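Undergrad: Below are the sequence and a predicted model; questions follow.
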Amino acid sequence: MKNYLKLVNFEFNRIAKLYAVLIGVTFTIQIVGVIVQSRYYLNMANEIMYDVMLSKSQFLENYDKISFSQIMNSMWFLGSIWFCVAAVVFYIFIIWYRDWIGKNTFIYRLLMLPTTRLNIFFAKITTILIMTLGVVAIQLIMLRIETLLMKAIVPKVFIRDISLNEVVTIMPEFNFIIPNSPIELILIYGAGVSAVSILFTAILMERSFKWKGILAGLIYSAVAVGLMISPLFINEFFLNGFFYKIEMFVLEIIMGFLVLAGSIWTCRFLLMKKITV
Amino acid sequence: MIEVKSVEKKYARKKILKGVSFTANKGEITCLIGINGVGKTTILNAIMALTPINKGQILIDGEPLTKNSFEKITFIPDTITMLPHMKIAEAMEFMNDFYTCWNQERANELLGFFRLDPNERISSLSKGNTAKVNLLLGLALDVDYVLMDEPFSGIDMFSREDIANVFTSHLIENRGVIITTHEVGDIEHLIDKVVLLDDGIVRKEFSAEQARENEGKSVIDVMREVYQR
C-alpha cells in the first residue's frame, strides 16, 4: 500500500507541470470566451438599440436575454472541454509509452522495484483518475467564477439567470462529466475506469507481444466493450425492455466489474510473466 | 548462487538462447563474454524477469525471482534507468524511498569516488558520468548480487579506469557479480569466472585463475581457442 501511494505521488508529479499548463490553457480559453461572448452580446444589443432606436425595455421585449448556457454552447467552452478530454485520452497511452521510449528506459527501474508490479498499473490508472476528477472539480469552481465574470460585464437586465445545475443539465458535454445523480456518477466513472483498464491491457499486450499484441489488444478491447454493452443490447433487441432500469443498472455494474477484474488479472499476468523491457 | 538452467529464448522465430546453463557464485565476478547479439543482455534481462523465457529455469539462492528478490539482486543496464530531468540527488532520493536496502552512506561514498555533483541533472551528464550514476544507483544498494551490462561500453579512458577501480574496492567485495562485455581487456585481471557464449549456447565455462595457474593461459588465450576453433 505504501509503495502504491509513493508510486501514485511519483506518477502524478511527473505530469503535474504539464497538467497545470493544460488546466491553465483550458481556463484561459474559457475566460476569454466569457469576455468575448459577453461583449459580443452587448455590442449587438447596443447596435440594435442605436440603429432601430429601441429603448432597453423595448429591446428586451423583442430580443433574447443572454444566459450563461449560451456562452457555454460556444466553441470557446466546448473546444476547451474536448481539448481536455483529448489530452487525458492521449496521456492514457503516453503514461506507459514514455517509460519505454527515448534514451531513458525508466521501465527497467519500475519493473525492478521491490513491490508487486501490479502497483505500477494501479498507480498509473489512479493518476488518470486524479487528472480527470481534478479537471472536473476545477471546472466546477471555474463555472462559478465565469458566471460572476459574465455578470460583471453584462448589466443585470440583459441576463437571463439560470442556475449552474440547469446549465449542467442542459448541455450533454457537461452532463456527462458532471453527473446528476449518484447512480449516473457510478455508471459514468465506473465505465470510465473500466475503459481505461481495457486500454491499459491493450497497451501492455502490445508491449509484451509487439505486432501480435496489437491484434490481441484490439480483440480484447472489442470483447470487453461488447461484454460491457451486452446487457443494454440484449435488453433492447432481444428482450424488448424486459428489465427495469434498476436491474439494468445492477447488470451494468456487474459487467463493469467483470471487465475491470479481467483487465486487472490480465495486466498482472502480462507484467509478471510476459513484459519485455 | 545464481543458477541459469537450460534457458531458451526466441525473438519472433529466431532462437537467441538455445539452452544456456551456468552458475554465478556470491563473492565472485562472473563474466559473460560473446560477440554482439549473442544474447548476453537477454540473459541478464531474463534473470531480472525483464523479458520472458521460453524454456528453462532461473534461481537465485535456490528460489525463483519474486518482488522481494529486488532487495537482494540488482541490475545495472547499459542505459540510465532514471528520468532525465531528475538531479542525481533526486534519483538517490527515489531509490531511498523504494528500497529498504538503499545505503545512503555508500551512495555518498560513491559520489565522492566518482567525483559527481548531486545537483547536476541526469540529462546534462556526459556519457561517462551517466554510466557512473547508473553504477552508483546499483552499487549503493546493499544487495548480494549485482548484474552489469557492458559497463565499459562507449565511455572515455578515464571513466573506464574509475569504473574498473570499483571492482577492486570494497564496494564489490563479497557480492556476486555477473558482468557482460565484448571487450575483456579492461577487466581481465579482475574476473574469477568466465562464461563464453556463442550462437545461443555456452561454449565454455571456466575459472580464470585455474586457466592461468594450471594451463598458463589468459582469458583471451582461451577465447581464441574457443572462438577460432
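TA: Structure received.
Undergrad: could you point out which element follows the longest helix along chain B?
TA: Longest helix in chain B by number of residues (criterion: DSSP state H): helix B:127-139. As assigned by DSSP states H and E, the chain's next helix or strand after helix B:127-139 is strand B:145-149.
Undergrad: Give me the mean pLDDT for the longest helix of chain B.
TA: The pLDDT scores in helix B:127-139 average 91.
Undergrad: swap in stretch A:258-270?
TA: 96.
Undergrad: Can you name the residues of chain B sitting close to chain A?
TA: Residues of chain B lying close to chain A by C-beta under 8 Å from any C-beta of the partner chain are B:45, B:48-52, B:67-71, B:74-75, B:77, B:79-84, B:94, B:97-100, B:122. All C-beta spots, glycine's among them, are computed from the backbone N, C-alpha and C.
Undergrad: which among those end up buried?
TA: The neighbour-count test (16 or more other C-beta atoms under 10 Å in any protein chain shown) applied to the residues of chain B next to chain A identifies B:45, B:48-51, B:67, B:69-71, B:74-75, B:77, B:79-83, B:94, B:98-99, B:122 as buried.
Undergrad: Counting by contacts, list what the helix or strand bottoming out on mean pLDDT in chain B packs against.
TA: Least confident element among the helices and strands of chain B, by mean pLDDT, DSSP states H and E: helix B:157-167 (a mean of 82). Applying 3 or more C-beta pairs under 8 Å, 6 or more residues apart in numbering or on different chains; DSSP states H and E, one finds that helix B:157-167 makes contact with helix B:104-113, helix B:127-139.
Undergrad: other SSEs contacting the first one?
TA: What that stands for is helix B:104-113. Partner elements for helix B:104-113 (3+ C-beta pairs under 8 Å, 6+ apart): helix B:88-98, helix B:127-139, helix B:157-167.
Undergrad: Highest mean neighbour count out of these?
TA: Mean neighbour count (mean count of other C-beta atoms under 10 Å in any protein chain shown) peaks for helix B:127-139 among the helices and strands packed on helix B:104-113, with a mean of 22.
Undergrad: Now find how far off-centre that one is within its chain.
TA: Computed by C-alpha atoms, centre = their mean, to the nearest Å, the separation of helix B:127-139 from the middle of its chain amounts to 12 Å.
Undergrad: same for it, what does it pack against?
TA: In terms of contacts (3+ C-beta pairs under 8 Å, 6+ apart), helix B:127-139 is packed against strand B:73-76, helix B:88-98, helix B:104-113, strand B:145-149, helix B:157-167.
Undergrad: could you redo the last one with a cut-off of 7 Å?
TA: Contacts defined by 3 or more C-beta pairs under 7 Å, 6 or more residues apart in numbering or on different chains; DSSP states H and E place helix B:127-139 against strand B:73-76, helix B:88-98, helix B:104-113, helix B:157-167.
Undergrad: Kindly export that helix (C-alpha atoms) in CSV.
TA: Provided in CSV are the C-alpha atoms of helix B:127-139 (Å, rounded to 0.1, in the frame of the first residue of the first chain):
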residue,chain,number,x,y,z
LYS,B,127,28.2,9.5,-21.2
GLY,B,128,30.9,8.5,-18.8
ASN,B,129,29.3,10.3,-15.9
THR,B,130,25.9,8.8,-16.8
ALA,B,131,27.4,5.4,-16.6
LYS,B,132,28.9,6.3,-13.2
VAL,B,133,25.5,7.4,-11.9
ASN,B,134,23.9,4.2,-13.1
LEU,B,135,26.6,2.3,-11.3
LEU,B,136,26.1,4.4,-8.2
LEU,B,137,22.4,3.7,-8.1
GLY,B,138,23.1,0.0,-8.3
LEU,B,139,26.1,-0.3,-6.0
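Undergrad: what angle sits between it and helix B:88-98?
TA: Computed by axes from the mean of the first three to the mean of the last three C-alpha atoms, to 10 degrees, the angle separating helix B:127-139 from helix B:88-98 equals 20 degrees.
Undergrad: Is there any residue in the strand or helix carrying A:Leu5 that contacts chain B?
TA: Taking DSSP H and E as the definition, one finds A:Leu5 inside helix A:2-51. Yes - on the criterion C-beta under 7 Å from any C-beta of the partner chain, helix A:2-51 is in touch with chain B at A:3, A:6.
Undergrad: Return the set of buried residues in stretch A:223-236.
TA: Of the residues in stretch A:223-236, A:224, A:227-228, A:231, A:235 count as buried by neighbour count, 16+ other C-beta under 10 Å.
Undergrad: Centre of the chain to that stretch, how far?
TA: Put simply, stretch A:223-236 sits 22 Å off its chain's centre (C-alpha atoms, centre = their mean).
Undergrad: same deal with stretch B:159-175?
TA: Using C-alpha atoms, centre = their mean, the offset of stretch B:159-175 from its chain centre is 12 Å.
Undergrad: Quick check: residues of the stretch 51-200 of chain A near chain B?
TA: A:103-106, A:108-109, A:111-116.
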